[in-house]
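**Q** dropping the sequence and predicted coords here.
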Amino acid sequence: MRFSGSARQGYRALGVLLLVLGASARFSAGQKAERTHAERFAPPAEKLRSAEREAEARVRANPTDVKALLDRGLARLPLAQVDAAIADFRRAAALAPDQAEPETDLAYGLWMQGHLEEALGAARAALALDPHNASAHRYAGRLLLLLGGDRSSALAHLEEAARLNPQETDAHFDLVMAYRAAGDASNAWAQLRLLQTEFPADDPRVLYVEGLLASDQGRLSVAIDYFRQALAGDPHLGEAREALGIALAQAARWVEALEVLGPAARDNLGSFRLAYAYALALMNTERLAEAEEAARRALSLNPGSAEARALLGQVQARRAPGGEKQP
């Protein structure tokens, strides 16, 4: 299918969207933070409930027991009791204003709750109390990236997190994304090679990262294969599904892109990149009424986007009586 100038502009913008996909992942206000490596292998819910009950008994016995409050909060987080967990962390921080751990746990809880600015403040408070707190450095780095803060500061935090706790592989995943966002391909690949020594070759997150780096090099067919493999290994890896849909759109494989982008856009209504890519795929499969709706949603999510505005205009022109119909 041929493109007008405005449509080509929108098509090229997909490359930028895929570049930032890993850095922003699935986080925005109101969305939960990704699971850490430890959380993916967390004990069953019953063990967590048992840990919560045990910590609850300790809190009842001693309401000022900071460790018990933190243990209860950490048990509550994976049980989806995020508000209650944050209340525990706040109480612990008030009881122990000289300790970094409550602020670190509070930062993570607030991140899960979608309160990113406040989470960053808690991470910085933890670092003020303990400059060598690896988790606080990791959270500060990730949150700075998510909030569009200073990239050099974000990278410095993430590099320090990896240095302080090199066994924490999540910090290295974070660094891949941060280096990509900074356009530092050599360091991104170096971090991937490190991860490949720590994980099996078919680990879904490693495959996802390989796909992102392949897409950065313009190797779309390779990237698409990696994303499909990642999803086969973990069908709930939403980042890989989003990246797959956008890569298929980049490759002009519109029908396949629609199959992926439709469900992904419905599951993540707050994502501009998904709404935009979905609108583009709809337009190029002649589903113009749906394309206009998706383009309007993309523009509402990012009113300053020239690409979304151009795409909406293109769809409307094609819907108008006598509008251009391209093969």
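**A** Alright, I've got the coordinates.
**Q** just the pLDDT at Q196, thanks.
**A** With respect to pLDDT, Q196 scores 89.
**Q** send me the host helix or strand of A85 as CSV with only the CA atoms.
**A** Using DSSP states H and E, A85 sits within helix 82-95. Extracted as CSV, the C-alpha positions of helix 82-95 are listed here (Å, rounded to 0.1, in the frame of the first residue of the first chain):
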residue,chain,number,x,y,z
VAL,A,82,-1.1,-2.7,47.8
ASP,A,83,-2.8,0.1,49.8
ALA,A,84,-2.5,-1.9,53.1
ALA,A,85,1.1,-2.7,52.3
ILE,A,86,1.9,1.0,51.7
ALA,A,87,0.2,1.9,55.0
ASP,A,88,2.5,-0.6,56.7
PHE,A,89,5.6,0.9,55.0
ARG,A,90,4.6,4.5,55.9
ARG,A,91,4.0,3.5,59.5
ALA,A,92,7.4,1.8,59.7
ALA,A,93,9.1,4.8,58.1
ALA,A,94,7.5,7.1,60.7
LEU,A,95,8.7,4.8,63.5
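**Q** list the buried ones in that helix?
**A** Buried residues in helix 82-95, counted by 16 or more other Cβ atoms under 10 Å: V82, A84, A85, I86, A87, D88, F89, R90, R91, A92, A93. Quick note: C-beta positions are derived from backbone N, CA and C, even for glycine.
**Q** save these as TSV, and put in pLDDT and distance to A128 too.
**A** TSV is the format used below for these (pLDDT from 0 to 100; distance: Cβ to Cβ, whole Å):
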residue	pLDDT	distance to A128
V82	89	25
A84	92	26
A85	93	23
I86	94	20
A87	95	23
D88	93	21
F89	95	17
R90	96	17
R91	96	20
A92	95	17
A93	95	13
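**Q** count the residues that sit near L244.
**A** For L244, the neighbour count with other Cβ atoms under 10 Å is 27.
**Q** hmm, it is touching V260, no?
**A** Yes: using Cβ atoms under 8 Å, L244 makes contact with V260 at a distance of 5.3 Å.
**Q** what helices or strands is the helix holding A85 leaning on?
**A** helix 66-76, helix 100-113 (3 or more Cβ pairs under 8 Å, 6 or more residues apart in numbering; DSSP states H and E).
**Q** need the winner for burial among the ones you listed.
**A** Mean neighbours per residue, mean count of other Cβ atoms under 10 Å, is largest over these for helix 100-113, with a mean of 25.
**Q** how far off helix 66-76 does it point, in degrees?
**A** 20 degrees (axes from the mean of the first three to the mean of the last three Cα atoms, to 10 degrees).
**Q** how about the helices and strands packed on helix 82-95 in a markdown table, adding distance to F199 and mean pLDDT?
**A** Formatted as a markdown table, the helices and strands packed on helix 82-95 follow (distance: least, Cβ to Cβ, whole Å; pLDDT from 0 to 100):
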| stretch | distance to F199 | mean pLDDT |
| --- | --- | --- |
| helix 66-76 | 25 | 92 |
| helix 100-113 | 23 | 92 |
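**Q** enumerate the positions of whichever helix or strand L311 is part of that are buried.
**A** Using DSSP H and E, L311 sits in helix 306-319. Across helix 306-319, burial judged by 16+ other Cβ under 10 Å covers E307, A308, R309, A310, L311, L312, Q314, V315, R318.
**Q** go on, stretch 164-177?
**A** For stretch 164-177, using 16+ other Cβ under 10 Å, the buried residues are L164, N165, E168, T169, D170, A171, H172, F173, D174, L175, V176, M177.
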